[in-house]
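Colleague: sharing a model prediction with you, sequence too.
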Amino acid sequence: MILTVDLDNEVPIYQQLRDQVVEAIAVGELRPGSPLPATRALAADSGINFHTVNKAYDLLRREGLIRLNRKTGAVVTVPDPHPSFPADWAARAKTLLAEAVAKGMPTEELLATCRSVIDSFANNELEDNS
């Protein structure tokens, strides 16, 4: 897996790294047990601060998506969903969907986009109710 950063993006670099790892897990590019690049190596390769990579990895660790170990480094894990996850996720999704509606995106286009994104995930366990 190659992690890249866009220094001109308004999204913080640590968040870009975190998001790329989450998306790689969702599409099956990263599976439980997959190692991530060492923080110092990723920082050097990307031309970013070591602490920025640490921040991204720590966020992923707190979310239960990776395990950090001095010997093995960062490794993808299978998290146990926290009971508050559905409500927390719904609140974030509401904001994203509200942004699309506020900017005039038609409902059918919004739903089609959501379905397309969901269908792109290798670990998709949702039933197709169409």
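Modeller: On my side now, so go ahead. Residues are numbered from 1 along each chain as shown.
Colleague: who touches L42 in this structure?
Modeller: Residues near L42 by Cβ atoms under 8 Å, 6 or more residues apart in numbering: L3, L17, L36, V53. C-beta: built from backbone N, CA, C; applies to glycine.
Colleague: return the closest of those with respect to L65.
Modeller: Among those, L36 lies closest to L65 (Cβ to Cβ), at 10.0 Å.
Colleague: how near is the closest one to T77?
Modeller: According to Cβ to Cβ, to the nearest Å, L36 and T77 sit 11 Å apart.
Colleague: list the buried residues for the host helix or strand of A44?
Modeller: Using DSSP states H and E, A44 sits within helix 39-46. Using 16 or more other Cβ atoms under 10 Å as the test for burial, helix 39-46 gives T39, L42, A43, S46.
Colleague: quick check: the farthest pair among these?
Modeller: For the buried residues of helix 39-46, the maximum inter-member distance is 10.7 Å, found between T39 and S46 (Cβ to Cβ).
Colleague: what's the overlap in contacts for these two?
Modeller: Listed as contacting both T39 and S46 by Cβ under 8 Å, 6+ apart are V53.
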